[in-house]
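> Quick one: sequence and predicted model below, then my questions.
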Amino acid sequence: MSVARDTQKQIQAAVEALRAGELVAFPTETVYGLGANASDPTAVRKIFELKGRPSDHPIIVHIDDKKHLQRWAQDLPPEAQALANAFWPGPLTLVLNRAPAVSDIVTGGQDTIAIRIPSHPIARQLLAGFGGGVAAPSANRYGHVSPTRADHVRDEFGKSIKHVLDGGDCKIGLESTIVLCTGSVPRLLRPGSITLSQLRAVVPGVITGFDPAAPRAPGDKPRHYSPKTPVTLVPGRRLVDVMREFTDEKEKVAVLSLRPPSTANRYMTWINAGGRHEAYARNLYAHLRTLDKVGAKVILIEEVPAGEQWDAVRDRLKRAASKDAPSIESDDAPLTPGQELAMLHDDVSLRSFSANP
Ligand code: TXA
Ligand code: MG
C-alpha cells in the first residue's frame, strides 16, 4: 500500500502534533493506536486521561527501526533478537528490560518496557518522520472494544482528538502478540495473529501461561475488549435455541455466528462472520460495535473452532463475555492465578452458555 499525497500532509501535521505534545490516532496493521511522544511524560499523561486508563498500566512504545531500541531497552537476550528479526516490522510486541532513561509513566513503574515496530505504511511513515518513540495503547476508552477503523476512533473520542490518520480497515484486526522476553525463556503474554507455533519455530523454548512474577498487563484482565451489551458465548448447536429463548419473549437479541441464519424474525439481528479465522479476526471488533448498537438484551456469540489459529479470537471473545471482573468503570482488581490460567489456557469458554446443553 502506498501513502497518498493528502495523507502525507496529514502525517506531517501529525508528526508536528506529536512534537508539540499532542495526541495522534494512527492505524497499525493490528488496531488503531492513540499515540503520544513517549519521551514527554506530560504528553503520555494525556493518553491516560483521555482513555480513562488507570495510571499504573504500562503502554507499548512504537518505533520505526531497531536502531532506536537502545533508547528504550537494554540487555536483550538472544531470544529477543531472534524474535525481533523474525517478526519486525509486524504484529509482535516484546516486553524487554527497560533502559534507565525511560519515564515511569510509560512503564507503569515496572522495570520492563513493551516495544513494537509496526508494519503499516502510515504508522511507519509517522514514526520515521517523528524519529523517536511513540507510546500508544489501542485508541479506545478503557475496557472497550479496540478500533479497527478511523470511524471507530471518532466514535470513541469525538472531537477530543484532533489528529486521526485514516488508514482504512486494519488488516489483522486484533491486537499484537505480546511476548515477555527479559530472560532466556520467552513467555507468550497475549495471543495474537502470530501464533505460539510460529514463535516456537524461531525460539523453540517459548512458553505460555501465568507467571506470578510476570509484569501486570491490563489486557490480562478478564473484562476487556467489551461491548456495553452483555455478551454470552454459546456452542453452535445451541445457538438457535438460545436465541429463541429471547425472541419468543419478544426480546431483541444480537447474534455473531460462523454461518448464515437458518431462521429469521423481527427480534433478531444476525451477523454471519464466516468460518475463516483471518477474516473473522479482521472484522470481529467492527461486528461487535455494530451489534452493540442494536439495543439488544444480549449479544450471543457462537463459540469458535478449536485450534491455535483461533487462539487470539477465542481469548478476546472470552474477555468480551467475562462478567467476573469488576465493571469497566471500577479499578480492576488483579486476577487470581487460577483466573489467569483459565484465561490463558482454557479451550472451553469461561462464560459458555450455562443453560442445559
Ligand atoms: O496491537 C497492539 O498491540 C496495539 C497497537 C496500537 O500497537 N496496542 C495495544 O495497546 O493493544 P494496549 O495498551 O491496548 O495493550 C497493550 C498491552 C496491555 O495489556 C499492556 O498492559 C501490555 O501491553 N504491556 C505494556 N507494557 C507492558 C510491560 N512492560 N509489561 C507487560 N505488559 C505490558
Ligand atoms: Mg487496548
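Thanks, I have the structure now. Ligands and ions are numbered 1, 2, ... in the order given.
> From now on I want contacts and neighbour counts done on CA atoms only, so please keep to that.
OK.
> For the stretch 251-357 of the chain, which segments count as strands?
253-257, 268-272, 298-302 (DSSP state E, counting those that start in this stretch).
> Now mean neighbour count and mean pLDDT too, for the ones you listed, in a markdown table please.
Formatted as a markdown table, the strands of the stretch 251-357 of the chain follow (neighbours: other Cα atoms under 10 Å; pLDDT from 0 to 100):
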| stretch | mean neighbour count | mean pLDDT |
| --- | --- | --- |
| strand 253-257 | 25 | 98 |
| strand 268-272 | 18 | 98 |
| strand 298-302 | 24 | 98 |
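> Now render these as JSON lines, adding distance to ligand 1.
Listed next are the strands of the stretch 251-357 of the chain as JSON lines, based on distance: least, Cα to the nearest ligand atom, whole Å:
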{"stretch": "strand 253-257", "distance to ligand 1": "23"}
{"stretch": "strand 268-272", "distance to ligand 1": "25"}
{"stretch": "strand 298-302", "distance to ligand 1": "22"}
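> got CSV for those strands, with distance to Asn97 too?
What follows is those, written out as CSV (distance: least, Cα to Cα, whole Å):
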stretch, distance to Asn97
strand 253-257, 40
strand 268-272, 43
strand 298-302, 39
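> which stretch among those strands comes nearest Arg237?
Smallest distance to Arg237 across these (Cα to Cα): 8.9 Å, for strand 298-302.
> packing partners for the closest one?
strand 231-234, helix 239-247, strand 253-257 (3 or more Cα pairs under 8 Å, 6 or more residues apart in numbering; DSSP states H and E).
> need those in JSON lines with distance to Thr107, can you?
Formatted as JSON lines, those follow (distance: least, Cα to Cα, whole Å):
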{"stretch": "strand 231-234", "distance to Thr107": "32"}
{"stretch": "helix 239-247", "distance to Thr107": "42"}
{"stretch": "strand 253-257", "distance to Thr107": "36"}
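> quick one, which of the ones you listed is nearest to Ala43?
strand 231-234 (34.8 Å).
> can you tell me which residues contact Val134?
Gly35, Ala36, Asn37, Ala38, Val61, His62, Ile63, Leu127 (Cα atoms under 8 Å, 6 or more residues apart in numbering).
> What number of residues are in the vicinity of the second one?
I take that to be Ala36. 30 (other Cα atoms under 10 Å).
> Model confidence for it, exactly?
We have a pLDDT of 98 for Ala36.
> any chance you could map the helices in the stretch 251-357 of the chain?
Taking DSSP state H, counting those that start in this stretch, the helices of the stretch 251-357 of the chain run over residues 277-292, 311-321, 337-345.
> does any bit of the longest one sit next to ligand 1?
Think helix 277-292. No. Judged by Cα under 6 Å from any ligand atom, helix 277-292 and ligand 1 are separated, with a smallest distance of 12.4 Å.
> could you check the angle strand 268-272 makes with that helix?
160 degrees (axes from the mean of the first three to the mean of the last three Cα atoms, to 10 degrees).
> Who are the packing partners of helix 277-292?
By 3+ Cα pairs under 8 Å, 6+ apart, helix 277-292 packs against strand 253-257.
> Just the angle for the strand it packs on relative to strand 298-302, thanks.
Using the same axes, to 10 degrees: strand 253-257 against strand 298-302 is 20 degrees.
> Going by contacts, tell me the helices and strands next to strand 253-257.
So strand 253-257, by 3+ Cα pairs under 8 Å, 6+ apart, packs with helix 239-247, strand 268-272, helix 277-292, strand 298-302.
> Between helix 239-247 and that strand, find me the angle.
170 degrees.
> Indicate each strand paired with strand 253-257 and its parallel or antiparallel sense.
In the sheet, strand 253-257 lines up against strand 268-272 (parallel), strand 298-302 (parallel) (DSSP bridges).
> Check what contacts that strand and list those residues.
236, 243, 246-247, 267-274, 287, 291, 294, 296-302.
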